[in-house]
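**Q** structure for the following, please:
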Amino acid sequence: MPTKSDNKEKLSLIDGTEFEVKPLKISLLKPFMKKFTGLADVADDNDKSIDILLDCVQIAFQQYMPELSDDREKLEESLDLPTVYKIIDAASGIQLTDNAALMNISNK
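**A** Predicted structure coming up:
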């Protein structure tokens, strides 16, 4: 169960390994947001959408768990979609369940 404290949240990989998420530092937020804005272009293709979300998660994991950020296959085996959404939310402040927020991003 996630817990928040001072913009920090603890999440778990599928194997139970815990890690802490918080807003990304600017040097990682820039490439993260560049990837994320491409989500609107592939919204009708689930595979491409998930690939973009995982690209964003890989960028975020450079801060959260650098040892996992370079291994895409291991990352995909370690996460489920609800956890991916929580990582995106914590890293950027964008809630993927908030349609208004997604529309604002896609219109920029």
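**Q** and the spatially most central residue of the chain, how far from Q63?
**A** Among the residues of the chain, the smallest C-alpha distance to the mean C-alpha position (CA atoms, centre = their mean) belongs to I88, namely 3.0 Å. Note on I88: its distance to Q63, by CB to CB, to the nearest Å, is 13 Å. Heads up, the C-betas are built off the backbone N, CA and C, glycines and all.
**Q** quick one: the helices in the protein?
**A** In chain order, the chain shows helices spanning 26-36, 46-64, 66-69, 72-78, 81-92, 99-106, with DSSP state H as the criterion.
**Q** what's the weakest-modelled helix or strand in this structure?
**A** Sorting the helices and strands of the chain by mean pLDDT, DSSP states H and E puts strand 3-5 at the bottom, at a mean of 46.
**Q** list the contacts for the residue nearest to I14 when sequence neighbours are not counted?
**A** Closest residue to I14 apart from its sequence neighbours, by CB to CB, 6 or more residues apart in numbering: S78 at 5.5 Å. With contacts defined as CB atoms under 8 Å, 6 or more residues apart in numbering, the neighbours of S78 are 13-15, 17, 68.
**Q** pLDDT score assigned to S78?
**A** If you check S78, the pLDDT there is 97.
**Q** just the one 3 residues further on next, same as before
**A** Confidence per residue is given as pLDDT, and for L81 that number is 95.
**Q** any idea how far D47 is from L53?
**A** Going from D47 to L53 by CB to CB gives 11 Å.
**Q** quick one: which of the two has more around it?
**A** Summary of the neighbour comparison: D47 and L53, criterion other CB atoms under 10 Å, with L53 having more neighbours (20 against 7).
**Q** need the per-residue pLDDT for that one.
**A** Turning to L53, the model gives it a pLDDT of 96.
**Q** repeat for the one 3 residues further on
**A** According to the predicted model, the pLDDT of C56 comes to 97.
**Q** same deal with K8?
**A** pLDDT, K8: 86.
**Q** what residues are up against it?
**A** By CB under 8 Å, 6+ apart, the residues touching K8 are 20-22.
**Q** which of those sits closest to E9?
**A** For the contacts of K8, the minimum distance to E9 (CB to CB) is 5.1 Å, reached by V21.
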